[in-house]
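>>> This is the structure alone, sequence omitted:
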């Protein structure tokens with residue numbers, strides 16, 4: 001069992017030992033992409049919507065260093081025809097990028113990531129020598145050529161390097177920001193853009209908060225299939241809890257479904273018209289009461305400066321939405337970069353990706369999903385001085 005490769009299934013085992021709502025249907029969706037041109041997936045959603053839980057579930061399912069059959073035997077995934085085909089069959093690399101970013105962030109961070117992964121993977125393949133000029137991709141290419149092994153690569157918080165680099169308050173980090181971003185983008189290009197990635201990886205699953213298509217990484221990342229709060233595609237059922245799932249929780253724990261619905265429902269995610277914030281529902285179940293659990297997400301601080309600015313009537317839009325209204329929004333203008341927020345549409349789109357608003361794609365409108373989020377927005381604007389931006 002390694003630090004980054006073949007970590008086993010303990011992460012998902014702990015999840016199963018707790019209250020668990022079955023979202024294992026995601027496995028069948030990812031299985032469809034393996035060994036195809038759609039094998040590179042990036043699924044982005046806001047904090048506390050189960051990103052890391054899904055990543056740990058996928059790692060437990062694919063990791064060949066463990067036996068995870070009992071963890072999935074009673075779940076939806078076990079009923080899928082592809083379940084046996086891919087269960088515990090692959091070497092799995094699991095990288096939580098936030099672990100590196102929280103330790104240090106500078107122009108050498110990506111090299112540290114590369115070196116740490118090479119060292120760990122070499123411990124599993126000691127017969128493959130590490131050459132002096134090896135980077136991670138070169139080493140994986142030679143492992144694949146010698147063994148035939150195709151890897152599953154799971155990256156949690158893929159965008160943490162970019163978010164931290166663009167939002168860090170440390171002047172030294174901000175000065176290095178262009179170099180940090182450029183180095184990271186080049187690493188992504190090296191890993192996933194070249195033709196060798198088709199052989200080396202059976203599948204890649206990345207998760208984060210912001211989508212990647214316009215994140216200054218087009219040349220590195222345009223071969224990824226993206227699923228987001230704006231365009232979730234077939235992944236939509238796994239972004240949150242459905243009414244039926246919350247009804248079952250309410251009945252099991254003797255809670256008022258109507259209260260749970262008022263506080264945490266209201267997200268429209270693709271074709272899913274009514275989805276609940278999963279973290280808040282579980283917090284309410286654990287605590288036996290409904291209240292706001294949103295403050296602990298830490299998401300609002302990342303856009304607070306923009307919310308304070310009255311971009312082209314933003315203030316009126318927020319006030320109208322707090323009264324139950326909706327606002328028209330063009331989500332295609334946002335560059336998926338928190339350092340490039342230049343308009344009302346940009347701010348509204350950021351808030352959709354962060355879960356403060358939800359998006360009706362059929363009407364190109366956004367609105368506040370529920371009482372929990374409305375309360376947090378009210379608290380936020382009480383101390384806001386709106387500065388008109390022309």
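Perfect, I can see it now. These figures come from a predicted structure and were not determined experimentally.
>>> contacting residues around the longest strand along the chain?
In the chain, with assignment by DSSP state E, the single longest strand is strand 201-208. Applying Cβ atoms under 8 Å, 6 or more residues apart in numbering, the contact partners of strand 201-208 are 30, 33-35, 39-45, 51-52, 54-55, 58, 90, 150-160, 192, 197, 212, 224. Backbone N, C-alpha and C define where each C-beta goes, glycine included.
>>> mind listing which of these are in strands?
Using DSSP E, 40-44, 151-156 are the members of those that sit in strands.
>>> Which single one of those residues is nearest to residue 166?
Distances from residue 166 to those, taken as Cβ to Cβ, are shortest for residue 44 (16.1 Å).
>>> Give me the neighbour count for that closest one.
24 (other Cβ atoms under 10 Å).
>>> what about the stretch 151-300 of the chain, any weak spots by pLDDT?
167-168, 213-220, 295-300 (pLDDT under 70).
>>> report the longest helix in this structure, please.
helix 171-192 (DSSP state H).
>>> name the helices or strands packed onto that one?
helix 109-124, helix 136-147, helix 160-167, helix 218-221 (3 or more Cβ pairs under 8 Å, 6 or more residues apart in numbering; DSSP states H and E).
>>> which one of those is the most hemmed in?
helix 160-167 (a mean of 21; mean count of other Cβ atoms under 10 Å).
>>> Run through the neighbouring helices and strands of that helix.
Short answer (3+ Cβ pairs under 8 Å, 6+ apart): helix 160-167 packs on helix 97-103, helix 171-192.
>>> which one of those helices lies closest to residue 229?
helix 97-103 (19.4 Å).
>>> pLDDT on the closest one, on average?
Model confidence over helix 97-103, given as mean pLDDT, is 88.
>>> For that helix, which residues meet the burial criterion?
97-98, 100-101 (16 or more other Cβ atoms under 10 Å).
>>> mind checking how far that helix is from the chain centre?
Chain-centre distance of helix 97-103: 15 Å, with Cα atoms, centre = their mean, to the nearest Å.
>>> Identify the residues contacting that helix?
109, 112-113, 116, 155-158, 160-161, 164.
>>> go on, stretch 68-87?
The contact list for stretch 68-87 (Cβ under 8 Å, 6+ apart) reads 9, 12-13, 16, 22, 24-25, 27-28, 31-32, 34, 60-62, 88.
>>> let's see it at 6 Å
Residues outside stretch 68-87 that contact it (Cβ atoms under 6 Å, 6 or more residues apart in numbering): 9, 12, 16, 22, 24-25, 27-28, 31, 60-61, 88.
>>> Next: stretch 343-360.
With contacts defined as Cβ under 6 Å, 6+ apart, stretch 343-360 is touched by 46, 210, 229-230, 267-268, 299, 303, 306, 311-312, 314, 329-331, 333-334, 366, 369, 373.
>>> For it, the averaged confidence score.
pLDDT averaged over stretch 343-360 gives 93.
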